[in-house]
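Engineer: Sequence and predicted structure, then a few things I'm wondering about:
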Amino acid sequence: MSFVETVLQENADLCAAIRAMPFNRALADGTLPTEVFQHYIIQDAHYLEGFARALALAASAAPDADAVAQLAGSGAGALHVERDLHAHYMGLFGVTAADFNTTPPTPACDHYTSFLISTAATCTTGEAVAALLPCFWVYRDVGHDIHTRAAGDNPYRAWIDTYVSDDFDAAVARSCELSDRLYAQASDTVRGQMRAAFAKSTLMEWAFWDSAWHLRGWPTPDPTGIAA
Ligand SMILES: Cc1ncc(CN)c(N)n1
């Protein structure tokens, strides 16, 4: 079995759980509370920057020119397309540059981007590409699932359309092909590490939406210790 066939089978329940999340159900029926989407879009803009950094790091260590070009191109492409989407929604939902600049990445966002960046900086290209793949695959999966149910006047239409577009589909297909190619060339040890990296990132996709739905931020410890 190819890498993609293997990890989709291994993570089928988790992917189903992601599609069924309250955040994604509310996105599909257009009832996602404004406050939740504002929280999400700020965090997603932070995420995107970390994701693009991880792609650039993975590109710098990739084993051949094709992989270098693909990974570097994906980082630039993601920043170009998804930053426009963020700017559109920040404008629509009244999120200012000051809101963005004064809101740090949440634990869920920070954990996910730190994992991607450290994997890209210190692990094999196979592991890095496997860790980065859920970012493509999960969003296309969720985008298509929501697209089949969402009404035409859904306020999140532009978000949904981005992840069912032919361009995004082509980017997902290229990432799957590269993952399959590196998996086919890898040792058994690296193959196991690639599968683990994919599963961890997929779980962090779940945690990212869960964190946004619950408007989670950093804990604020009570200096008196009384509340504890
Ligand atoms: C957290 C997250 N994961 C994936 C994507 C799709 N590039 C995104 N925008 N945000």
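Structural biologist: That came through fine. The model shown is predicted, which means the values in this text are computed figures rather than measured ones.
Engineer: ok, now which ones touch the closest residue to R157 other than its chain neighbours?
Structural biologist: Using C-beta to C-beta, 6 or more residues apart in numbering and skipping the chain neighbours, the partner closest in space to R157 is A150 (7.0 Å). (C-beta placed from N, C-alpha, C; glycine too.) A150 sits next to L27, A28, D29, G30, Y156, R157, I160 when contact means C-beta atoms under 8 Å, 6 or more residues apart in numbering.
Engineer: Next: L178.
Structural biologist: Counting by C-beta under 8 Å, 6+ apart, L178 makes contact with A67, Q70, L71, V129.
Engineer: Which strand or helix spans the last one?
Structural biologist: Pointing back at V129 there. Element membership of V129 [criterion: DSSP states H and E] is helix 125-149.
Engineer: Check which helices and strands the following helix or strand past that helix sits against.
Structural biologist: The first helix or strand that comes after helix 125-149 along the chain, using DSSP H and E, is helix 157-163. If you count contacts as 3 or more C-beta pairs under 8 Å, 6 or more residues apart in numbering; DSSP states H and E, helix 157-163 packs onto helix 65-92, helix 125-149.
Engineer: Mind telling me which of the ones you listed the model trusts least?
Structural biologist: When those are compared on mean pLDDT, helix 65-92 scores lowest, with a mean of 91.
Engineer: Only alpha carbons, please: show the helix or strand following that helix as PDB.
Structural biologist: Per DSSP H and E, helix 65-92 leads on to helix 97-101 as the next helix or strand towards the C-terminus. Taking Å, rounded to 0.1, in the frame of the first residue of the first chain, the C-alpha atoms of helix 97-101 are listed here in PDB:
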ATOM      1  CA  ALA A  97      -4.300  44.500  12.200                       C
ATOM      2  CA  ALA A  98      -4.100  45.600  15.900                       C
ATOM      3  CA  ASP A  99      -6.300  42.700  16.900                       C
ATOM      4  CA  PHE A 100      -4.100  40.300  15.100                       C
ATOM      5  CA  ASN A 101      -0.800  41.800  16.400                       C
END
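Engineer: coming back round to it: does any part of the helix holding V129 sit near the ligand?
Structural biologist: Yes - residues of helix 125-149 are located near the ligand by C-beta under 6 Å from any ligand atom, namely C135, Y139.
Engineer: Dihedrals phi and psi, the residue nearest to R157?
Structural biologist: The phi/psi pair for A150 (degrees, to the nearest 10) reads phi -70, psi 140.
Engineer: Pull up the gap between it and A121, please.
Structural biologist: Counting by C-beta to C-beta, to the nearest Å, the gap from A150 to A121 is 38 Å.
Engineer: again with P221
Structural biologist: With C-beta to C-beta as the criterion, P221 and A121 are 31 Å apart.
Engineer: Next: H147.
Structural biologist: Per C-beta to C-beta, H147 is found 35 Å from A121.
Engineer: Then M21?
Structural biologist: Counting by C-beta to C-beta, the gap from M21 to A121 is 30 Å.
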